[in-house]
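S.K.: coords please:
(chains A and B)
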There are 2 protein chains.
Amino acid sequence: MTSQNGDEMVVTPWKVSGEVDYDRLVQKFGTQLLTDDLLNRIKKHAGFLHLQLRRGFFFSHRDFDWILDQYESGNPPVLYTGRGPSGKIHLGHILPWIFTKYLQDAFNTKLYFQLTDDEKFLIHPEFDMKKMSDITYDNILDIIAVGFDPRKTKIITDVKDISSLYELALKVARHVNFSTVKAVFGFEDASNIGIIFFPAIQAAPAFLESSLANRNVPCLIPAAIDQDPYWRVARDVAQKLGYYKPAQIHSKFLPGLGKGGKMSSSMPETCIFMTDTPNVAKKKIMNAFTGGQATVVEQKRLGGNPSICPVGLYNYYLFEGDDKAAGELWKNCGSGAILCGECKILLAEKIKVFLLEHQKKRVEAKETIEKYLM
Amino acid sequence: MTSQNGDEMVVTPWKVSGEVDYDRLVQKFGTQLLTDDLLNRIKKHAGFLHLQLRRGFFFSHRDFDWILDQYESGNPPVLYTGRGPSGKIHLGHILPWIFTKYLQDAFNTKLYFQLTDDEKFLIHPEFDMKKMSDITYDNILDIIAVGFDPRKTKIITDVKDISSLYELALKVARHVNFSTVKAVFGFEDASNIGIIFFPAIQAAPAFLESSLANRNVPCLIPAAIDQDPYWRVARDVAQKLGYYKPAQIHSKFLPGLGKGGKMSSSMPETCIFMTDTPNVAKKKIMNAFTGGQATVVEQKRLGGNPSICPVGLYNYYLFEGDDKAAGELWKNCGSGAILCGECKILLAEKIKVFLLEHQKKRVEAKETIEKYLM
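M.R.: Have a look, this model is predicted:
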């Protein structure tokens, strides 16, 4: 699949590359764009519209309208999201979690947060269980720091909590064959038998609340759109098991600080990690690729392009909470009224506040972690 | 593979058909025959040689000599065997368990007994978890009735006890790919992803004691020889995980009461179930196929063939504990000195005693079951 400018766009659960054309992605995946009507309904329940909705970072869905119907008729959804613990948490990870907390507050509902330490162990031959356990603990601190309600949040770590998942995973697995996971996830004959089974473990939490409550509970999964294929398998199996299909609300990808591609730990200099000091983060920002012109004179004359600029996009999606100020920043970039250096300093200052606050909560999380575990 | 008389011999973990030529099977699988030297060594430790060894029902092994070396140098093995709970227990199942108890007593050692309810759930679309649980409980009663030492026996039920197995199974799974299980177990692209993963769950108990004890403990698996391929995968992976390869001691198959094939629940009229009343068992025996001649006159003139006769083989392998009496029965059949009806009545009487004793212990097992569970 090639985007209009000729870069090859690849979006699968295991790879995102090229320039992503989200309209074509929605068309290809067969999902729905979020409409003003849906936004108004969630706004009514939440009391406000989250900036990730206002700015279109969460932009697509499957059956989110039905989730709202269910909620409005007294059947609130359970939320389910997850994390593959293979390293440190960065901005690209935390964004959808911040949005998930907004949904938890809006619906006043339960969240299952799955840590797929089994998956990461299976695909990283260099990891041992001690390493997995260390990474997982570290990631859990970041999750808790987001501020989820401890009375309504259960963090599932697959290896430790397998007894809560295995029976459901078997029920799923009985309906999914190798041909299907080969087609959906790109597995091969050389794939190990653990990772082949893993999609069943990943699907299980979508049905966990229904299974425990012994009644059909709607499930809403907030996640980046590249995870959609996982849930298509879960949706297909749901019907066979007599459960509701899990609904989804999809985000775009947060770009890294380099040119193109989503933020990825494999290029640490283009990532802002949640444990970076403000100074380290500032250095990365000051070195970032931007959508600006090569010289100050050119920038003032031609203006920049904020839509391809990580600095502009971070301000827009995450850090400038005031819509008017965000709009002006965007406009001033385009008109050349602001220079890249100024924009970077603005962002670095906001990120400093954000990181320090997160890191404080991250330390506090060590005291409250037990409340969140299964 | 074709046996010498032209019947196609098929021996895989999921199918045994045709006339089994055990010498050729040992050659094909690359296992070793039990030697007199090995028998003498186990006799010394057990105090006597079990009739299943004296009569050659257990006949083949991998590394059993090494197990004896380890035992004799103060490093006793753990035993591991299992059962796929898909229905009632019959004589063909219980035979190796009786032998396993003998080994437990001989080595005064721990036994892990795995019930693969996950496997059976995955391959039986008609089973729900309630049904699995009922069958499993029922099978556990038969296991306990065999008389294993409750202080040294742990019955693992995969679904309930998955938390004891999953981490080990992941370690195994990382080293086993789809190509391997396709070749060894006959899986296909249409196989479900649960059963593809299952060999890792089946291998895990072989390493459980080493994992729990945090030192390398030899493992000995007594099982019918058709299960050998499972353990070849486990043996291959063992080295990669730094564990000892599990050793094995292999039995032949117990024939059913019909003509040819191993005893199978799918032909209940040719099976003696452990819950059959003595009268039901007697009827089945009286209707059994035998190695005798068509008429009394012919039988007296030509004699019968006990080696193809389930009645003769049952007496020989299981029910006539006295070697001299067993030998005479065999000889008298061949010479025509005894008729099939007499042999059947002898067997029915012995089976009556055996079943009544087992069924008494089976009832008592309901009181002691908790002692055996993980």
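
S.K.: where do the helices sit along the stretch 201-350 of chain A?
M.R.: A:205-213, A:228-241, A:278-286, A:296-302, A:310-314, A:323-335, A:340-372 (DSSP state H, counting those that start in this stretch).

S.K.: can you list those in CSV and add mean neighbour count, mean pLDDT and distance to residue B:43?
M.R.: Every residue, glycine included, has its C-beta placed from N, CA and C. Formatted as CSV, those follow (neighbours: other C-beta atoms under 10 Å in any protein chain shown; pLDDT from 0 to 100; distance: least, C-beta to C-beta, whole Å):
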stretch, mean neighbour count, mean pLDDT, distance to residue B:43
helix A:205-213, 21, 97, 53
helix A:228-241, 20, 91, 54
helix A:278-286, 17, 97, 72
helix A:296-302, 13, 91, 93
helix A:310-314, 24, 92, 77
helix A:323-335, 16, 92, 86
helix A:340-372, 16, 97, 56
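
S.K.: Residue B:308: which of those helices is closest?
M.R.: helix A:228-241 (46.9 Å; C-beta to C-beta).

S.K.: So what touches that closest one?
M.R.: A:12-13, A:29, A:31, A:62, A:171-172, A:175-176, A:180-181, A:184-185, A:199, A:202-203, A:206-207, A:221, A:223, A:244-246, A:248, A:250 (C-beta atoms under 8 Å, 6 or more residues apart in numbering or on different chains).

S.K.: Spit out the contact partners of residue A:156.
M.R.: Residue A:156 neighbours (C-beta under 8 Å, 6+ apart): A:112, A:113, A:114, A:115, A:164, A:165, A:205, A:208, A:374.

S.K.: For ChimeraX, write the select line for the buried members of those.
M.R.: In ChimeraX, a selection of the buried entries from the contacts of residue A:156 looks like this (16 or more other C-beta atoms under 10 Å in any protein chain shown):
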select /A:112,113,114,115,164,165,205,208
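
S.K.: about what we covered before: PyMOL command to pick out the buried ones of the contacts of helix A:228-241?
M.R.: In PyMOL, this line selects whichever of the contacts of helix A:228-241 come out buried by 16+ other C-beta under 10 Å:
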select buried, chain A and resi 13+29+31+62+171+172+175+176+180+181+184+185+199+202+203+206+207+221+223+244+245+246+248+250
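
S.K.: Kindly identify which of the contacts of helix A:228-241 also come near chain B.
M.R.: A:171, A:175, A:176, A:181, A:199 (C-beta under 8 Å from any C-beta of the partner chain).

S.K.: just checking, what packs against the helix or strand where the last one lies?
M.R.: Pointing back at residue A:199 there. Secondary structure assigned from DSSP states H and E places residue A:199 in helix A:193-203. Counting contacts by 3 or more C-beta pairs under 8 Å, 6 or more residues apart in numbering or on different chains; DSSP states H and E, helix A:193-203 is packed against helix A:117-123, helix A:162-173, helix A:178-185, helix A:228-241, helix B:162-173, helix B:178-185, helix B:193-203.

S.K.: so who does the residue nearest to residue A:286 when sequence neighbours are not counted touch?
M.R.: The shortest distance from residue A:286 to any non-neighbouring residue, by C-beta to C-beta, 6 or more residues apart in numbering or on different chains, is to residue A:344 (5.5 Å). Residues in contact with residue A:344 (C-beta under 8 Å, 6+ apart) are A:285, A:286, A:288, A:290, A:311.

S.K.: Equivalent analysis for residue A:163, please.
M.R.: Applying C-beta under 8 Å, 6+ apart, the residues near residue A:163 are B:160, B:162, B:163.

S.K.: ditto for residue A:153
M.R.: A:104, A:110, A:111, A:113, A:372.

S.K.: In helices, which of those residues appear?
M.R.: Among those, the ones falling in helices (DSSP state H) are A:104, A:372.

S.K.: Any chance of CSV for the contacts of residue A:153, columns distance to chain B?
M.R.: Output for these, formatted as CSV (distance: C-beta to the nearest C-beta, whole Å):
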residue, distance to chain B
A:104, 28
A:110, 23
A:111, 23
A:113, 19
A:372, 19
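
S.K.: give me the element residue A:92 is part of.
M.R.: helix A:91-107.

S.K.: How about the backbone phi and psi for residue A:266?
M.R.: phi -70, psi -10 (degrees, to the nearest 10).

S.K.: Who are the contact partners of it?
M.R.: By C-beta under 8 Å, 6+ apart, no residues touch residue A:266.

S.K.: and what of the one 5 residues further on?
M.R.: Contacts for residue A:271 were tallied using C-beta under 8 Å, 6+ apart; they are A:90, A:91, A:92, A:256, A:257, A:263, A:264, A:265, A:284.

S.K.: closest to residue A:316 among the residues you listed?
M.R.: Checking those against residue A:316 by C-beta to C-beta gives residue A:91 as the nearest, at 13.3 Å.

S.K.: gap between the residue lying farthest from the centre of chain A and chain B?
M.R.: Largest separation from the mean C-alpha position in chain A: residue A:297, at 38.3 Å (C-alpha atoms, centre = their mean). Using C-beta to the nearest C-beta, to the nearest Å, residue A:297 is found at 57 Å from chain B.
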